[in-house]
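>>> Mind looking at a prediction? Sequence and model below.
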Amino acid sequence: MSGPHGRGDVKSFNRVKRNNNNAVIEREGCQSPHTRNCFLATSVMGCLVIVLGLLVLTMAPSFLSSMILKSLALSPGSDRLASWLLPPVEAHLTAYAFHLTNPDEVLKGGKPVVQEVGPFVYRAVTVKDSLDSETGKSQMNYDSLGSTITYRPRKIYHLVSGDPDSTFITVPNIPLLTGFSGIRESIGITKGIAKNVMLNNGRGTPFVNVSFTGLLWGYNDELPCFKHTRPEECPPPDGEIDIFSEDDDDDDDWGDEDWKRRKRSTENEALISRRSSDEDLSRIKRSSLDLDLRRLNFSMLEKPKAELVNCRCEWGLFRDKNVTIRKPVTINHGMKDLRMKGWVEQFDSSTTLGWWEDGSTCDQVGGQDGATLPPSVSQYQEMEMFISLMCRKINLKFEKITTHSELSTYRFIPPVNALGSHTDPDPAKVNLANSCYCRQSKGFSCLKSGVLNLEPCKVTPNLPRGAPIALSFPHFYQADPSFQEAVEGLRPNKSLHQFYVDIEPTLGFPLAIRPRFQLNAIIRKDPDIAVMSNFPDELVLPFLWAQDGFSEPSSDMASAIRFGLAAPHRLPLLGGVVLLVLGVTMLLVSAGWWAYWARRRTIEEEIPLN
């Protein structure tokens, strides 16, 4: 053992011993119970992650869809409520006038010839939750015990296109025709006196020439203010005699110059107040995106339909529609039943309208609020929509599939008999369900298909016969041919004049909504009034048509809807794939470890270390 071979055997023995010790240490570290348990746990967790990934792929889409649909309810503080109060798209009112080109011939019994003038485009901002200036309370309130939300809207219109101030049109004199309609059934001296009063106050002719701005927002006409109490500082209008005035100079120290100076002072004060109000309104319109419109003092901006301004009467067709608060509307918020979201439960705090046949479906409040619709819309369903300006609900049916910003939508339109008469001999236009809109038993005429007499819904204590206004689609689209034949210059066109709403069916968002309507004056022959004696028995003369809403969604709105539609599919797919990859990776790592050390043990058993 002391020779060279002995020393080499010792070195070899030591080297083998060291390798053996290292192998033992390595086996004890990588094949220890702790390590085996770790990789076993990794294998189990990998299987669980794979199962979880499969569950995400198969079940998460429906779960996410249900959660997204649930978020569509108008719940307090929700994003959906915020977008309902401040929509992500700008609405516009686009208006056209029918200028009567031959008023003198029409007064003599000739056929009216009208010319369409426009468009005049107004941006329409709706404020649903303005604050009461006295109490500070919101005009939008939830019913804590029920399933509804009540709001009182205000609309602010701001001109963005057209020149309505310098565009003059000849149109029916609505205040005078309304007055004549109210005395139509009167007889004898009473009717004669009333007729003379109407003709001697105001413009005194069935047709007037006014600017388009004046027609909508106000022009001077003394007749609508005839029954208003005049302030002491305002003398009677020109041509009117004040029977209560006294000529006794001893009782009045006011001379002519004093009176004129007092009148000028009063008019200047009123003018300053008026200008201040108009300037405030203009400022609001210009910066409506930057202002919190809820907190404005609207009481300084509200206007009635007729009002004495600077001792002169001012009347406008929509004068009381700009800024002025409107009647309360109660809708279902959808938190209890999403299918009922947006359904109108009450109008003006009542479940009935009070305009149409008592107890009928026509007089029952209902239909969808066009600003919010329920999800899951089907091509096979019919939709009812409540339009307050039309004083009724209107039925809509699916027409076709359309596309907006790469989003597929269902277009719903009124059927051809939506405004059909219940007595129309044409099977395609007759609509028996509309019989309750006919108030002939109350003395109101029932018009042919396509035109609705609005007189019953214009009745007030001061106007027991309402205002002689009728509603139709523009250019008498889908109306009885006799209406078009009675007026020259009308050209109905489906693409321009059809009422439609395009709805994304899954989430129920309207991507385009265009309520289109036409206002017509009902002019009736009256032999007792000379200026009305040459008209046909009943002439329905159009003077204005307009479309509200919007034709395309905004880019932000379209992007949000695309995300909402894609999220239930893309997010689970992404999450499921990530989980599957992670789980498979964990199994592969564990399997690789077991394979490696199984092979290592086999080698160690075949080549003993000692």
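Cool, the structure landed.

>>> Name the surrounding residues that touch stretch 423-434.
361-362, 416-422, 446, 448-450, 478, 480 (CB atoms under 8 Å, 6 or more residues apart in numbering). C-beta coordinates here come from the backbone N, C-alpha and C atoms, glycine included.

>>> Just the buried ones from those?
Buried members of those, scored by 16 or more other CB atoms under 10 Å, are 362, 417-422, 446, 448-450, 478, 480.

>>> Any chance of JSON lines for those, columns secondary structure, distance to Cys225 and pLDDT?
Shown next, in JSON lines, are the buried ones among the contacts of stretch 423-434 (DSSP: H, G, I helix; E, B strand; the rest coil; distance: CB to CB, whole Å; pLDDT from 0 to 100):
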{"residue": "Cys362", "secondary structure": "coil", "distance to Cys225": "34", "pLDDT": "96"}
{"residue": "Asn417", "secondary structure": "coil", "distance to Cys225": "42", "pLDDT": "95"}
{"residue": "Ala418", "secondary structure": "coil", "distance to Cys225": "38", "pLDDT": "95"}
{"residue": "Leu419", "secondary structure": "coil", "distance to Cys225": "34", "pLDDT": "96"}
{"residue": "Gly420", "secondary structure": "coil", "distance to Cys225": "39", "pLDDT": "96"}
{"residue": "Ser421", "secondary structure": "coil", "distance to Cys225": "37", "pLDDT": "96"}
{"residue": "His422", "secondary structure": "coil", "distance to Cys225": "39", "pLDDT": "95"}
{"residue": "Cys446", "secondary structure": "coil", "distance to Cys225": "32", "pLDDT": "95"}
{"residue": "Lys448", "secondary structure": "coil", "distance to Cys225": "35", "pLDDT": "96"}
{"residue": "Ser449", "secondary structure": "coil", "distance to Cys225": "38", "pLDDT": "96"}
{"residue": "Gly450", "secondary structure": "coil", "distance to Cys225": "35", "pLDDT": "96"}
{"residue": "Gln478", "secondary structure": "coil", "distance to Cys225": "38", "pLDDT": "95"}
{"residue": "Asp480", "secondary structure": "coil", "distance to Cys225": "37", "pLDDT": "96"}
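
>>> Pick the one among those closest to Arg562.
Ala418 (32.4 Å; CB to CB).

>>> Now do the strands in the stretch 1-150 of the chain.
91-100, 114-127, 140-142, 148-151 (DSSP state E, counting those that start in this stretch).

>>> Report the spatially closest residue to Gly214, excluding sequence-adjacent ones.
Gly316 (6.9 Å; CB to CB, 6 or more residues apart in numbering).

>>> now for the strands of the stretch 1-150 of the chain, which one comes closest to Ala566?
That would be strand 91-100 among the strands of the stretch 1-150 of the chain, by CB to CB, at 26.8 Å.

>>> quick one: average confidence on the closest one?
If you average the pLDDT over strand 91-100, you get 96.

>>> again, but for stretch 498-515
94.

>>> Just checking the distance from that stretch to the centre of its chain.
11 Å (CA atoms, centre = their mean, to the nearest Å).

>>> Equivalent analysis for stretch 118-126, please.
14 Å.

>>> what does it contact?
Residues contacting stretch 118-126 (CB under 8 Å, 6+ apart): 87, 90-97, 153-162, 164, 167, 212, 285, 288, 293, 371, 548.

>>> 6 Å instead?
91-96, 153, 155-162, 164, 212, 288 (CB atoms under 6 Å, 6 or more residues apart in numbering).

>>> Show me what counts as buried in that stretch.
For stretch 118-126, a neighbour-count test (16+ other CB under 10 Å) marks Gly118, Pro119, Phe120, Val121, Tyr122, Arg123, Ala124, Val125, Thr126 as buried.

>>> Same list, those residues, but as a markdown table with distance to Arg80 and pLDDT please.
Shown next, in a markdown table, are the buried residues of stretch 118-126 (distance: CB to CB, whole Å; pLDDT from 0 to 100):
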| residue | distance to Arg80 | pLDDT |
| --- | --- | --- |
| Gly118 | 35 | 91 |
| Pro119 | 33 | 96 |
| Phe120 | 33 | 97 |
| Val121 | 29 | 97 |
| Tyr122 | 27 | 96 |
| Arg123 | 24 | 94 |
| Ala124 | 21 | 93 |
| Val125 | 19 | 92 |
| Thr126 | 16 | 92 |
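
>>> Excluding sequence neighbours, find me the nearest residue to Val540.
Asn520 is the one closest to Val540 (CB to CB, 6+ apart), at 4.8 Å.

>>> what's across from that neighbour in the sheet?
With DSSP bridges as the criterion, Asn520 is bridged to Ala470, Pro542.

>>> and it, how many residues sit next to it?
28 (other CB atoms under 10 Å).

>>> cool, and the one 4 residues further on?
Arg524 has 16 neighbours, counted by other CB under 10 Å.

>>> now swap in Asn534 and tell me
For Asn534, the tally of surrounding residues (other CB under 10 Å) stands at 13.

>>> Good, wrapping up.
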